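Engineer: Test case, fold it:
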Amino acid sequence: MNMDLSEIATETRTLENLEEFAEQVKNTDSGMIREWLESLVPGLLGFALQVVLAVAVYLIGGRIIKLARKILRRWLERTEADVGVKQFLDALLKYFLYFILVVIILTLFGVTAASVVAVVGSAGLTLGLALQGSLANFAGGILILLLKPFVVGDYIIEDTHSNEGTVSEISIFYTRLITADHKTIVIPNGALANSSLTNVTHSDMRRLDLEIGIAYEADLRQAKEILFKQASAEICRLPQEEMQVFVSELGASEVKLGLRIWVRTEDYWAAKWRLTENIKLAFDEEQIEIPYTKIDVQMRQ
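Structural biologist: Prediction:
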């Protein structure tokens, strides 16, 4: 019985010791967690302050960039620069200022400007190799603005792929064309700078050329008089410029007559369509045959 009481007492002391140890561990863990959380508070507050400051810098910087672009556009308008130059410089200033803004925001988080410059410099070669096409397009855009083979508003034909349309924008890397049916064609500046193209509307006036075939049996002099009369009556013809009516070719089945007049560039298509229709109607009235392909079918019994 005595042994049993001693064992019980020993076990009781052991349990008490375990409870005291558990309580000490509990108090120690809660104290360490509390100290760890308390140590995180200044860092979290500092990071939150950096985020708020970064957002404020971005918003203020965005407004400053808009103001700088507005000032640049007004200055370019006073200098009467081309629309393409305005678009190119505006985009260039935008990207440059936003790059500076990103660098400023990174410095708020402890990244130094020297580190950013070092990273950009070390990555320059890699980016240059990876973005050869983009760099070529950028250089092509500068050449287009300096040499001015075309400006915004010109109607051009890119000879390599036969893309054509009115130039609506000359950006840093690409030039946008609007076709006659209002489709948008995007052409890299490098391709335009390194290939031939036709600027249809560069001059204020264009020569309108028509070629009309008549039958060999038709009265040649009468046909030329009709052409001369219709060309003279064309309302868009420039009277101070030379007008020509001539025989251009003696073909296998027709005599080809040529007609040349000068019109303003913006009147070219309207004048061509109207003059072609009037010549056809006048030839019909005078019974002057315009040859066309005929097929004779013979049927045998």
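Engineer: is it true that residue 209 touches residue 257?
Structural biologist: No. Checked against Cβ atoms under 8 Å, the pair residue 209 and residue 257 is beyond contact range at 11.6 Å. For the C-beta atoms, the positions are set from N, CA and C on the backbone; glycine is no exception.
Engineer: neighbour count winner among these two?
Structural biologist: Legend: neighbour count by other Cβ atoms under 10 Å for residue 209 and residue 257, higher for residue 257 (21 against 12).
Engineer: what bridges to that one?
Structural biologist: Applying DSSP bridges to residue 257 gives these bridge partners: residue 212, residue 247.
Engineer: ok, residue 144 - contacts?
Structural biologist: Neighbour list for residue 144: 84, 150, 170, 175, 189, 192-193 [criterion: Cβ atoms under 8 Å, 6 or more residues apart in numbering].
Engineer: try it again with 6 Å
Structural biologist: Residues near residue 144 by Cβ atoms under 6 Å, 6 or more residues apart in numbering: residue 193.
Engineer: any idea which element it lies in?
Structural biologist: Per DSSP states H and E: residue 144 is located in helix 132-147.
Engineer: how distant is stretch 191-206 from the center of its chain?
Structural biologist: 18 Å (Cα atoms, centre = their mean, to the nearest Å).
Engineer: Partner strands of the next helix or strand after the helix holding residue 144, with direction?
Structural biologist: For helix 132-147, the following helix or strand on the C-terminal side (DSSP H and E) is strand 155-158. Strand pairing for strand 155-158, using DSSP bridges, gives strand 163-170 (antiparallel), strand 197-199 (antiparallel).
Engineer: If you count neighbours, what's buried in stretch 215-225?
Structural biologist: 218, 223-224 (16 or more other Cβ atoms under 10 Å).
Engineer: Among the residues you listed, which one sits closest to residue 202?
Structural biologist: residue 224 (32.4 Å; Cβ to Cβ).
Engineer: out of everything not next to it in sequence, what's closest to the closest one?
Structural biologist: Nearest residue to residue 224, sequence neighbours excluded (Cβ to Cβ, 6 or more residues apart in numbering): residue 245, at 5.3 Å.
Engineer: do the same with residue 105
Structural biologist: residue 54 (4.9 Å).
Engineer: Residue 254 too?
Structural biologist: Setting aside the residues directly before and after it, residue 254 is nearest to residue 213 in space (Cβ to Cβ, 6+ apart), at 3.6 Å.
Engineer: And residue 98, by the same measure?
Structural biologist: residue 65 (6.6 Å).
Engineer: Helix or strand: which one has that neighbour?
Structural biologist: helix 2-78.
Engineer: For the helix or strand following that helix, name the packing helices and strands.
Structural biologist: Sequence-wise, the next helix or strand downstream of helix 2-78 (DSSP H and E) is helix 83-108. Other helices and strands packing on helix 83-108, by 3 or more Cβ pairs under 6 Å, 6 or more residues apart in numbering; DSSP states H and E, are helix 2-78, strand 163-170.
Engineer: Least confident of those, on average?
Structural biologist: Ranked by mean pLDDT, the helices and strands packed on helix 83-108 bottom out at helix 2-78, with a mean of 68.
Engineer: returning to what we had before: so is the residue nearest to residue 224 in a helix, a strand, or just coil?
Structural biologist: Under DSSP: H, G, I helix; E, B strand; the rest coil, residue 245 falls in the strand class.
Engineer: Report the beta-bridge partners for residue 188.
Structural biologist: Applying DSSP bridges, one finds that residue 188 bridges with residue 174.
Engineer: And for it, the neighbour number?
Structural biologist: For residue 188, using other Cβ under 10 Å, the count is 17.
Engineer: isn't it right next to residue 137, touching?
Structural biologist: Yes. Shown here, residue 188 and residue 137 form a contact pair, counting by Cβ atoms under 6 Å, at 4.7 Å.
Engineer: Now for those two: what residues contact both?
Structural biologist: When Cβ under 6 Å, 6+ apart defines a contact, no residue borders residue 188 and residue 137 alike.
Engineer: Low-confidence ranges, the stretch 51-200 of the chain, go.
Structural biologist: Across the stretch 51-200 of the chain, the ranges flagged by pLDDT under 70 are 111-133.
Engineer: at 90 instead, please
Structural biologist: Applying pLDDT under 90 to the stretch 51-200 of the chain flags residues 51-153, 158-163, 169-174, 180, 189-198, 200.
Engineer: Burial check on the residue nearest to residue 98, number of neighbours?
Structural biologist: 17.
Engineer: From residue 87, how far off is it?
Structural biologist: Distance, residue 65 to residue 87, by Cβ to Cβ, to the nearest Å: 16 Å.
Engineer: Now residue 233: closest residue in space that isn't a chain neighbour?
Structural biologist: Once chain neighbours are set aside, the closest to residue 233 by Cβ to Cβ, 6+ apart is residue 278, at 7.6 Å.
Engineer: Having no further points to raise, I will conclude here.
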